[in-house]
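# Using only what follows, build the 3D model:
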Amino acid sequence: MKNTLITFALFALVAGGCNGGSGSTTTDVKLPDGKDAKVTTDKDGSMKVEGEGVSAQAGGQLQITQDDLHAPFYPGAIVDVNKSMKVKTDTEESVLASMRSVDPPNAVVDFYKEKFKDLKFNEFKTGEGVNYIGETKLPDGAKLAFAIGQKTPNDPTEISIGYGKEKK
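Here you go, the predicted model:
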C-alpha cells in the first residue's frame, strides 16, 4: 500500500496546482521511489500518472465499475469521477470511488453491512452531521474501506469506498 499512498499524495499535489485551463499539461516527475513518471492534467481537471510500474487515473474520462471496486455501488447513488481514482503499480492495485446519495447515512451503512457480514463501522458525530468509518477484508486478502457521512440532515450522504490489494 506504500506506493498507492505515494501516488495518492502525488495526485493531491498535482490537483492542488490544477487551474482548469484549456488543453492539457504534461509534467515529468520523479516518484519517491526514484522512478520517472509523467503526470498529465487535462482542462477538465482529470489526471493521469504513467511511468515504469505505475499507472493511475482520476477524474475526467475515468470509468469505475463495481467489478473494479469489488463492491456494489449503493443503489441510486451518483458516482463522482472527479473524486474517484484507479491506481496500479507493480506491487498493488487500488480503486477509490466517491458517490452521493439522497438516502440517510444509516441506510447506506445498513446496505453495506448486509453485503459484507464482517464489516464493522465506527460512528462519529460532528455538530449536526454524522460519519461512519468501516473496513473489511475480502477472501482474497484485499481490503475494503468505507467512509459514509452527512454534514447536516439536509445535505446528501457522501460515500467513499476504497479497494486495495497487494500483488504477490
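# the strands in the chain, which residues?
25-30, 36-41, 47-51, 54-58, 78-79, 85-89, 92-101, 120-126, 129-137, 143-150, 157-166 (DSSP state E).
# want to throw those strands into CSV with mean neighbour count?
Placement of C-beta: from N, CA and C, glycine included. Formatted as CSV, these follow (neighbours: other CB atoms under 10 Å):
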stretch, mean neighbour count
strand 25-30, 12
strand 36-41, 17
strand 47-51, 19
strand 54-58, 21
strand 78-79, 16
strand 85-89, 22
strand 92-101, 21
strand 120-126, 12
strand 129-137, 17
strand 143-150, 20
strand 157-166, 20
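# can the ones you listed go into a markdown table with extra columns for distance to Leu69 and mean pLDDT?
Shown next, in a markdown table, are the strands of the chain (distance: least, CB to CB, whole Å; pLDDT from 0 to 100):
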| stretch | distance to Leu69 | mean pLDDT |
| --- | --- | --- |
| strand 25-30 | 27 | 84 |
| strand 36-41 | 24 | 80 |
| strand 47-51 | 19 | 79 |
| strand 54-58 | 14 | 77 |
| strand 78-79 | 10 | 92 |
| strand 85-89 | 10 | 86 |
| strand 92-101 | 5 | 93 |
| strand 120-126 | 18 | 93 |
| strand 129-137 | 13 | 95 |
| strand 143-150 | 8 | 96 |
| strand 157-166 | 5 | 94 |
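# Can I get those strands in TSV including distance to Asp110?
Output for these, formatted as TSV (distance: least, CB to CB, whole Å):
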stretch	distance to Asp110
strand 25-30	43
strand 36-41	39
strand 47-51	34
strand 54-58	29
strand 78-79	20
strand 85-89	27
strand 92-101	12
strand 120-126	10
strand 129-137	10
strand 143-150	10
strand 157-166	12
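# wait, which of those is closest to His70?
Among the strands of the chain, the nearest to His70 by CB to CB is strand 157-166 (5.0 Å).
# which strands and helices sit next to that closest one?
helix 66-69, strand 92-101, helix 105-115, strand 143-150 (3 or more CB pairs under 8 Å, 6 or more residues apart in numbering; DSSP states H and E).
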